[in-house]
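A.B. asks: sharing a sequence plus its predicted fold:
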Amino acid sequence: MLLSVCLRLSANNNIKNDYSLSGYITDKSNGEHLPGATVYITNLKEGTASNVYGYYSISLKPDTYNVVYSYVGYDDVTLKIELVSDTSINIELMPAAKNLDEVEITDKAMNKQVTSTQMSVTKMDNKTIKAIPALLGEVDLIKALQLLPGVKFAAEGSSGISVRGGGPDQNLILLDEANVYNAGHLMGFFSVFNNDAVKSVELYKGDLPAKYGGRLSSLVDIRMKEGNMKKFHGNGGIGMISSRLMLEGPIVKDKASFMVAGRRSYADLFLRLSKDEKVKDNILYFYDLNGKVNYRINQNNHLYLSGYFGKDVFKSDFFGMNWGNATGTLRWNHIFDEKLFSNFTVVVNRFNYNLSYKADSPFAFLWQSSITDYNAKGDFTWFANPNNKVTFGFSTIYHDFFPGTIEGTSDDSFISNYALASNYSLESALYLSNEQKIGNRFTIKYGLRFSIFNNIGPTTVYQYDNYGVATDSTVYGKGDFYHTYTGLEPRIGVVFLLTESSSLKLSYSRNNQYIQQAQNSLAGSPFSIWFPSSPNVKPQSADQVATGYFRNFKKGMFEASVEVYYKSIKNAVDFRDFADLLLNKFLEGQVLEGEGQGYGIELMFRKNIGKLTGWVSYAYSRAFKEVEGINDGNAYPSSYDRPNDFSIVANYDLNPRISFGLSWVYLTGQPVTFPVGKFEYGGDNIPVYSDRNSYRMPDYHRLDISFTWRDDQTKKKRFHNEFNISIYNAYNRKNAWMINFQTDPVDPSVTYAEMTYLFGIVPTFTWNFRF
Amino acid sequence: MRQKTTYLMVMMLGLVMLSACTERIDIELEEGYIKLAVEGYLTPDDSLCYVRLTETGNYFSNEPVSVVSNAVIKVDDGTDTVLLHEDFDNAGMYLFPEGFNGQPEQNYTLDVQLPEAIGGYTEYRANAYMPAMTFHIDSIALELNTSFDFWMLILYAPNPPGRNFYMVSQLTNDSLVTAKISEVNVFNDEYLNDEYFYGLAVMGIDKEDIQPGDKVTLVVSLISEDYYNFILEAQTEMQPHDPMFSGPPANVRSNVDNDAVGYFAAFASTSASTYLKGK
């Protein structure tokens, strides 16, 4: 009702009828939708942006307007439109000719960073990610995100990210709306996202739109390419670790298209070089496949079907393991009328792993685990009037947790079959949000997400004492809704335009998280299972307040921002000392909950256009936890508390054929717990430890550089080449991955600290092609 | 099962370590952090009956830890209290009176009174329960594991009812091989077939360590769940920690109060022997 009143109050300023100007904005060369393209009404000095499906709608009084359609890297289209009725205009924008002149830039006057009510969000496209030097030549969007302020890797080489001090399981990673539970190949050294298949990625640091929820720290929204609607096209490459190929093209020109991208590694080829006979014959590889079909039924209906399948495999004589994600998304965009855009989505996603040990041994076993989600959602955008854009919708996810079974697989097996009880839950939400313009300078976003989490049988729920020992149990039957949590999650944001190119922003959001990962190691492994909130585990909840100043220079050529945030977490999850998290049916007894706190300041200066592009960023942040039962109940730094985070990312196009890339990152060493004493027992020295995380690893810093040569891209030939040389860790910094304490083999009375580092200087060579 | 998962994790960590390098690094650690360390055992026979008191030492110190002498140590079984005496030849080692041994299914309370405070306290107490000795060994055997080329010590024995926790040690020619806490094996029967250990491999012996004709003895002790966890925690903390699989380091539990470290354990054991046959 309040929303309705607000709409009426603002609509009272528009006594005459409004008409809608709406349509799709696409790339003229391939038909891909352009999300975030701006539609600027020069007469009014205001406008809008296309949504994630490239759809825009703006309500205007009947009049004649100069409308500028623009998108970074594309030529503007300017139309003079006499608006006398609801008008649908689809716009095709042509990619700009490679323009290295720093002065000649687009004349667009609306910058999303300045005007958007969404704070703490950064977008990167496929080209930006590709320009960043990569480990072993594997272009990786997750590693690119790790270079943004407030985002850190969980551990060197890891695909897990820590956003504003949060753990890797606090990030909602979506690939075309499907949840990706484990985003790492090869124990996390590479992400599962093939950059050739990716169109864009947006990272939201805490201030999630009301449409999204379920995680405390961030949303990583990854969109796959839709497929070239105009002509058949492909690209690929051969690198040190993997080879890849992407094909796309029209099924029916301008009507339907497909995209398929595959990648396969051959890391095991390097094992063949080992002198160790046992290592030589091991098999180690990963593969992944992305696919999408895109069908424009008509102007008002559009279908997308996309999927991902990937696997990591390791096999030796006596041991085997594999794990992987599979996702499938079906979406239907439907335009009810020019003012009401909708999207309906059905998703299935699954992560599973298997481990096995030799078949002819009494210890032979098979260990399996999985998590499967079935998700249905509907999202609506109502362009109510020129000053109000309302979004609302629903989502429901059925989680099927299969934490693990282990069975002996030989005739004389010692291993008795052991199964953790499966459990099921329903995670649902309704949301309503409005973005309202008040005058020319003030925009406010206010919304509410109402979330509901149900635990569903069949399962067994244990009751625990204060020491985590199970004392009793209750068995629930199939379909029993035996426990429910609900949560109200407000989302509020305010933008005050100081000038056309600068603004002040303020936001508040609450996010609840109902599922989390049983992981107490820093980097995590694929075998860390997910488990739900329950009668024994309360949902985690984070309140975040952020404020910032945003400024663009030279019509968007440069972007600068400073953001300050504070977040407070209730029921922050941690685990008991020596927690047994693998195949433990009493896992919930290992969980401890307390409070968390984080705060920080993030500065970023970014250049988007010209020969030289990139950014410089610095963040100072702290993150703490306080959990009864850990560190004697005293507050301790979170494992992801790394106060100083400095990044430089630069790409320089010397000319259309030669580019140089550079990234340099500096991070405070991560907190660790070191021994401060030792005692003798049973002939050994056993360490006595400091307070939790009261020491730090050495600071981390690393320089990566790259050189790319392309053949003449303007020549009209079918096949084009590109060669890339990258040097990871160019000055060979030995960054500690772990520090352990060893006894000197020569003199057992001497103990010393030993550092393990993963990578020295790593040069790589990649050949890329397109046709 | 825990050992198996540990093995798996070590394997996978090994994959990572294929590309990793190590080198020494200078770390400055806090010093002057002193606690009382208690190492105490009580068994039904004389094999292992003493209490040793020491102080914790600085982590990087090459010096032996300081022993604690002139303490007054008593053990109470609920009926009688015995006073331990310090071994004149081995300062810090306190022995039970001759003829005093522990009994299964008995609770024991250890009381320590120090001449000077350590860690802020002069009095310390620990409680230990000796589980019933319901376990016996039918036989043991040596079997060669051809995958990894080592001898497996195989156990044939009935598993008593209820949840049981075991510690196994090994002697060769009557000389204790698993002399350190890091070398013993512990297991429990949670993941194993219930009623009988039919050829359960409980210990591995390097092929070079025994020769044909050697006498190999397996000692099996029935220990409390808390002591089982103490041993596992101690073994965990003596192994490297890695970012992928290891949780944060933590202090090993103790059943001695007032922030002391170490353990006072009570358990009974049984043993059996076999000989490695010639070629």
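C.D. replies: That came through fine.

A.B. asks: next, the residue nearest to residue A:354 when sequence neighbours are not counted: secondary structure please.
C.D. replies: Nearest non-adjacent residue to residue A:354, counting by Cβ to Cβ, 6 or more residues apart in numbering or on different chains: residue A:368, 5.1 Å away. Every C-beta, even on glycine, is put in place using the N, C-alpha and C of the backbone. Of the three states, residue A:368 takes strand under DSSP: H, G, I helix; E, B strand; the rest coil.

A.B. asks: distance of residue A:368 relative to chain B?
C.D. replies: As judged by Cβ to the nearest Cβ, to the nearest Å, residue A:368 and chain B stand 14 Å apart.

A.B. asks: same thing with residue A:81?
C.D. replies: Residue A:81 is 58 Å from chain B, by Cβ to the nearest Cβ.

A.B. asks: tell me which residue in the stretch 101-250 of chain B sits closest to chain A.
C.D. replies: Residue of the stretch 101-250 of chain B nearest chain A, by Cβ to the nearest Cβ: residue B:181 (2.9 Å).

A.B. asks: what about that residue, how many neighbours?
C.D. replies: 21 (other Cβ atoms under 10 Å in any protein chain shown).

A.B. asks: mind checking the SS state of it?
C.D. replies: Residue B:181 is classified as coil under three-state DSSP.

A.B. asks: got it, and residue B:79?
C.D. replies: Classification of residue B:79 using three-state DSSP returns coil.

A.B. asks: centroid-nearest residue for the chain?
C.D. replies: In the absence of a named chain, this looks at chain A. Nearest to the mean C-alpha position of chain A, by Cα atoms, centre = their mean, lies residue A:220 at 2.6 Å.

A.B. asks: that answer is for a different chain, and I need it for chain B
C.D. replies: Residue closest to the average C-alpha location in chain B (Cα atoms, centre = their mean): residue B:181, at 4.2 Å.

A.B. asks: measure it to residue B:146 for me?
C.D. replies: 30 Å (Cβ to Cβ, to the nearest Å).

A.B. asks: and the closest residue to residue A:679 other than its chain neighbours, its phi and psi?
C.D. replies: Leaving out its chain neighbours, the residue that sits closest to residue A:679 by Cβ to Cβ, 6+ apart is residue B:37, at 3.7 Å. Note on residue B:37: its backbone torsions stand at phi -110, psi 130 [degrees, to the nearest 10].

A.B. asks: could you count how many residues lie near residue B:37?
C.D. replies: What residue B:37 shows, counting by other Cβ under 10 Å, is a neighbour count of 30.

A.B. asks: point out where chain A drops to low pLDDT.
C.D. replies: By pLDDT under 70, the weakly predicted segments of chain A are A:1-16, A:98-114, A:117, A:267, A:269-280, A:359-363, A:411-416, A:748-749.

A.B. asks: residues contacting whichever residue of it sits closest to chain B?
C.D. replies: Residue of chain A nearest chain B, by Cβ to the nearest Cβ: residue A:682 (2.9 Å). Residues near residue A:682 by Cβ atoms under 8 Å, 6 or more residues apart in numbering or on different chains: B:39, B:180-182, B:184, B:234.

A.B. asks: next one: residue A:736
C.D. replies: A:669, A:697-698, A:700, A:755-757, B:25.

A.B. asks: ok, and the most crowded of those residues?
C.D. replies: residue A:697 (22 neighbours).

A.B. asks: and the stretch 151-279 of chain B, which of its residues are near chain A?
C.D. replies: B:179-182, B:184, B:191-194, B:199-201, B:229, B:232-234, B:236-238, B:240-252, B:261-263 (Cβ under 8 Å from any Cβ of the partner chain).

A.B. asks: for chain B, which strand extends over the most residues?
C.D. replies: Identified as the longest strand of chain B according to DSSP state E is strand B:106-118.

A.B. asks: OK, contacts around residue A:165?
C.D. replies: By Cβ under 8 Å, 6+ apart, residue A:165 lies in contact with A:598, A:600, A:621-623, A:638, A:640-641.

A.B. asks: keep only those of those residues that are in strands.
C.D. replies: Going by DSSP E, the strands hold A:598, A:600, A:621-623 from the contacts of residue A:165.

A.B. asks: for these, name the two members farthest from one another.
C.D. replies: Distances among the ones in strands among the contacts of residue A:165 were taken as Cβ to Cβ; the most separated pair is A:600 and A:623, at 8.4 Å.

A.B. asks: which one of these two has more residues nearby?
C.D. replies: Between residue A:600 and residue A:623, counting by other Cβ under 10 Å, residue A:623 is the more crowded of the two (24 against 21).

A.B. asks: circling back to that earlier point, got a PyMOL select line for the buried ones in the contacts of residue A:682?
C.D. replies: The PyMOL selection below is limited to those of the contacts of residue A:682 classed as buried (16 or more other Cβ atoms under 10 Å in any protein chain shown):
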select buried, chain B and resi 39+181+182+184+234
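
A.B. asks: pipe the contacts of residue A:682 into TSV and attach pLDDT and distance to residue A:23 per row.
C.D. replies: As requested, the contacts of residue A:682 are arranged in TSV below (pLDDT from 0 to 100; distance: Cβ to Cβ, whole Å):
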residue	pLDDT	distance to residue A:23
B:39	97	80
B:180	92	76
B:181	94	74
B:182	92	72
B:184	95	75
B:234	96	70
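
A.B. asks: can you show me the helices along the stretch 151-279 of chain B?
C.D. replies: B:225-237 (DSSP state H, counting those that start in this stretch).

A.B. asks: what ranges do the strands span in it?
C.D. replies: Assigned by DSSP state E, counting those that start in this stretch, the stretch 151-279 of chain B shows strands spanning B:165-172, B:175-176, B:185-188, B:196-206, B:215-223, B:261-266, B:268-275.

A.B. asks: the longest one pairs with which strands?
C.D. replies: Pairing partners of strand B:196-206, with direction, according to DSSP bridges: strand B:150-158 (antiparallel).

A.B. asks: now the second one
C.D. replies: Strand B:175-176 has its sheet partners listed here by DSSP bridges as strand B:165-172 (antiparallel).

A.B. asks: what sits up against the partner strand?
C.D. replies: With Cβ under 8 Å, 6+ apart, strand B:165-172 has contacts from B:131, B:135, B:153, B:176-178, B:183-189, B:202-203, B:205, B:209-210, B:214-225, B:227-228, B:231, B:267.

A.B. asks: in PyMOL, select just the buried ones from these.
C.D. replies: In PyMOL, this line selects whichever of the contacts of strand B:165-172 come out buried by 16+ other Cβ under 10 Å:
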select buried, chain B and resi 131+135+153+177+178+183+184+185+186+187+188+189+202+203+205+210+216+217+218+219+220+221+222+223+224+227+228+231+267
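
A.B. asks: which positions in the stretch 501-650 of chain A make contact with chain B?
C.D. replies: So the stretch 501-650 of chain A meets chain B at A:520-525, A:575, A:577-583, A:639 (Cβ under 8 Å from any Cβ).

A.B. asks: can you do 6 Å?
C.D. replies: Applying Cβ under 6 Å from any Cβ of the partner chain, we find that the stretch 501-650 of chain A lies next to chain B at A:520-523, A:525, A:577-579, A:582.

A.B. asks: among those, the buried ones, what's the ChimeraX command?
C.D. replies: Here is the ChimeraX selection string for the buried members of these, based on 16+ other Cβ under 10 Å:
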select /A:520,521,522,523,525,577,578,579,582
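
A.B. asks: in TSV, list the residues of the stretch 501-650 of chain A next to chain B along with secondary structure.
C.D. replies: Shown next, in TSV, are these (three-state DSSP):
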residue	secondary structure
A:520	coil
A:521	coil
A:522	coil
A:523	coil
A:525	coil
A:577	coil
A:578	coil
A:579	coil
A:582	coil
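
A.B. asks: what about stretch A:739-748, distance to the chain center?
C.D. replies: 41 Å (Cα atoms, centre = their mean, to the nearest Å).

A.B. asks: buried stuff in that stretch?
C.D. replies: A:739-741.

A.B. asks: neighbouring contacts of it?
C.D. replies: By Cβ atoms under 6 Å, 6 or more residues apart in numbering or on different chains, the residues outside stretch A:739-748 that reach it are A:750-751, A:753-755, B:240.
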